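A.B. asks: okay, predicted coordinates and the sequence, questions at the end:
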Amino acid sequence: MVGDDTHNLTIEVHNLTKVYVGGRPPAPGLRQKAVPDGEEPHTGRPAAAARGIYDLTFSVQKGEILGFLGPNGAGKTTTMRILTGYMPPTSGTARVAGFDIFEQPAEAKRRIGYLPEIPPLYPEMTVKAQLSFVADLKGVPRASRKAAIARVVEATNLGPVYNRLVKNLSRGYKQRVGLAQALLGDPEVLILDEPTVGLDPKQIIEIRQLIRSLGGKHTVILSSHILPEVSMVCERVAIINHGRLVGMDTPEGLARKLSHSQQLLVAIKGPQAQVEAQIASLPGMASWRPAEGEGAAQGATGAAGAGSRPAQTGPVLRYHLEAQPDVDLREPLFFQMARAGYPILEMRQVSLSLEDVFLQLTTEENTEPGDGQEGPKEGAQHV
Ligand SMILES: Nc1ncnc2c1ncn2[C@@H]1O[C@H](COP(=O)(O)OP(=O)(O)OP(=O)(O)O)[C@@H](O)[C@H]1O
Ligand SMILES: [Mg+2]
């Protein structure tokens, strides 16, 4: 990466690895059999479960919102702890806001707002005292401290509990205090470990909007188990499984790469037999079927339309089409139907949801690697 590219990257991670005691790296490409946390598989061998993270390499652009998605124990929190300088990696490098987090930790940390999984709070302090204490720690200048605190209190709706003791707050309000702390000082980079955990639905919506509004100016990494949340809030998603990065792209990009062939839903007006003959003869068509729940007669419009061509007076027919690999059917379908005089009233691509993508990338096959001798199969899919 050269020049501007490097300049625009706020977070750069290379080969980041953290092996916790008791864990050992999985062979690249091998599918891992799921092993419950802390348990040894019954094989007489040391736990093959990945404990930690392995060889993570990725970067985040300035102003981008990246979502970490992965099952429990995947390594999301571990990665965040390393990026925020709370824990050293076993190997690899990480630069945050232009500073190496291990070689220039003070400079890097000053530019990071971190909401850990369990926010560090002082139970005996009031919210007000807690926030001014953190503002002090973060070096927010005295002159602007009051305004800075007021801003984060408003953003996280902490007004009603401002003078209460932290220990008496509900879980959701404690989470909000944690988030307010992360936002204090307006840091360039925000690392938020499950920011909406414990919040009520109304607050979840508000916090998501808040995080979205931070994009552009701030670079944000957040982790979440809530797939719609990640699609809603994040521009790109990194899917982590057993400590490895198994996919990273926009939600749509991930779906595109994983769906091996294009699927289309179309509504075409015309007589059934002729329309189907046209579909069947389209080059690049792998298979087609009437779309579920849509009878051929549904949406019949009788003699609507100006023309007298029989094609325009037929029913609206709905089909699910599947293209051959790497074929885009949309244009040829359009032109063929136009030539035949059967108007396409609707055409849309059916893409995998983020749920589908996540399941495809993180679901185990029930194959146990042999004693390490098995050749690396195409394991956890890399996209
Ligand atoms: N301090 C530690 N010592 C030993 N192992 C650890 C430690 N912290 C985490 N692990 C292990 O590392 C793996 C990754 O854990 P991590 O907390 O990063 O996962 P996560 O993706 O954040 O999961 P969750 O969705 O449950 O928060 C797990 O197997 C976990 O048991
Ligand atoms: Mg976690």
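C.D. replies: Received, thanks. As the structure is a prediction and not an experimental result, all values here were calculated from the model. Ligands and ions are numbered 1, 2, ... in the order given.

A.B. asks: number of residues surrounding residue 223?
C.D. replies: Residue 223: 26 surrounding residues under other Cβ atoms under 10 Å. To be clear about C-beta, it is placed using only N, CA and C from the backbone, and glycine gets the same treatment.

A.B. asks: OK, contacts around it?
C.D. replies: With contact set as Cβ atoms under 8 Å, 6 or more residues apart in numbering, residue 223 has these partners: 67, 68, 69, 70, 76, 77, 80, 192, 193, 194.

A.B. asks: quick one: which of those is nearest to residue 108?
C.D. replies: residue 80 (13.6 Å; Cβ to Cβ).

A.B. asks: can you narrow the contacts of residue 223 to ones near ligand 2?
C.D. replies: Contacts with ligand 2 within the contacts of residue 223, as defined by Cβ under 5 Å from the ion: 76, 77.

A.B. asks: which ones among the contacts of residue 223 map onto helices?
C.D. replies: Counting by DSSP state H, the part of the contacts of residue 223 found in helices is 76, 77, 80.

A.B. asks: pretty sure the second one is touching residue 192, no?
C.D. replies: No - in this structure, residue 77 is not within contact of residue 192 by Cβ atoms under 8 Å, at 11.4 Å.

A.B. asks: sec struct for residue 72, please.
C.D. replies: coil (DSSP: H, G, I helix; E, B strand; the rest coil).

A.B. asks: oh, I was asking about residue 247
C.D. replies: Classified using three-state DSSP, residue 247 is strand.

A.B. asks: stretch 52-66 and ligand 2 in contact?
C.D. replies: No - Stretch 52-66 is not in contact with ligand 2 by Cβ under 5 Å from the ion; minimum separation 11.7 Å.

A.B. asks: returning to what we had before: would you mind checking which of the contacts of residue 223 is nearest to ligand 2?
C.D. replies: For these, the minimum distance to ligand 2 (Cβ to the ion) is 3.2 Å, reached by residue 77.

A.B. asks: domain assignment for this protein?
C.D. replies: Taking automatic domain parsing as the reference, the chain has its domains at 1-111+215-259+351-366, 113-186, 261-299+311-349.

A.B. asks: what does the stretch 51-200 of the chain put close to ligand 1?
C.D. replies: 51, 52, 70, 72, 73, 74, 75, 76, 77, 78 (Cβ under 6 Å from any ligand atom).

A.B. asks: list buried residues within those residues.
C.D. replies: 51, 52, 70, 73, 74, 75, 76, 77, 78 (16 or more other Cβ atoms under 10 Å).

A.B. asks: now tabulate the contacts of residue 223 in TSV and tack on distance to residue 337 and pLDDT.
C.D. replies: As requested, those are arranged in TSV below (distance: Cβ to Cβ, whole Å; pLDDT from 0 to 100):
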residue	distance to residue 337	pLDDT
67	39	96
68	44	95
69	39	92
70	43	90
76	47	95
77	52	96
80	51	97
192	48	96
193	51	96
194	48	93
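
A.B. asks: list buried residues within the contacts of residue 223.
C.D. replies: Neighbour-count burial (16+ other Cβ under 10 Å) applied to the contacts of residue 223 gives 67, 68, 69, 70, 76, 77, 80, 192, 193, 194.

A.B. asks: nearest to residue 352, of those?
C.D. replies: Closest to residue 352, out of all of those and judged by Cβ to Cβ, is residue 69, at 14.2 Å.

A.B. asks: so which of the domains of the chain is nearest residue 208?
C.D. replies: Residue 208 lies closest, by Cβ to Cβ, to one member of the domains of the chain: domain 1-111+215-259+351-366, at 5.3 Å.

A.B. asks: mean pLDDT for the domains of the chain: which is lowest?
C.D. replies: If you rank the domains of the chain by mean pLDDT, domain 1-111+215-259+351-366 sits at the bottom with a mean of 80.

A.B. asks: quick one: it to chain centroid distance?
C.D. replies: The chain centroid and the centroid of domain 1-111+215-259+351-366 are separated by 10 Å under Cα atoms, centre = their mean, to the nearest Å.

A.B. asks: contact partners for the residue nearest to residue 18 when sequence neighbours are not counted?
C.D. replies: Nearest non-adjacent residue to residue 18, counting by Cβ to Cβ, 6 or more residues apart in numbering: residue 52, 4.2 Å away. By Cβ under 8 Å, 6+ apart, the residues touching residue 52 are 17, 18, 19, 20, 23, 25, 75, 78, 90, 243.

A.B. asks: out of those residues, which is most surrounded?
C.D. replies: residue 243 (28 neighbours).

A.B. asks: wait, that residue touches residue 76, no?
C.D. replies: No - counting by Cβ under 8 Å, residue 243 stays clear of residue 76, with 9.9 Å between them.

A.B. asks: circling back: pipe the contacts of residue 52 into TSV and attach secondary structure per row.
C.D. replies: Shown next, in TSV, are the contacts of residue 52 (three-state DSSP):
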residue	secondary structure
17	strand
18	strand
19	strand
20	coil
23	coil
25	coil
75	coil
78	helix
90	coil
243	coil
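
A.B. asks: out of the residues you listed, what pair is the most spread apart?
C.D. replies: Longest distance between any two of the contacts of residue 52 is 13.4 Å, between 25 and 78; criterion Cβ to Cβ.

A.B. asks: intersection of neighbour lists for those two?
C.D. replies: With Cβ under 8 Å, 6+ apart, residue 25 and residue 78 have common neighbours 52, 243.

A.B. asks: for residue 53, list the residues it contacts.
C.D. replies: By Cβ under 8 Å, 6+ apart, the neighbours of residue 53 are 16, 17, 18, 75, 78, 79, 82, 89, 240, 243, 244.

A.B. asks: residue 288 is in what secondary structure piece?
C.D. replies: Secondary structure from DSSP states H and E places residue 288 in strand 285-290.

A.B. asks: what strands line up against that strand, and which way round?
C.D. replies: Strand pairing for strand 285-290, determined by DSSP bridges: strand 316-323 (antiparallel).
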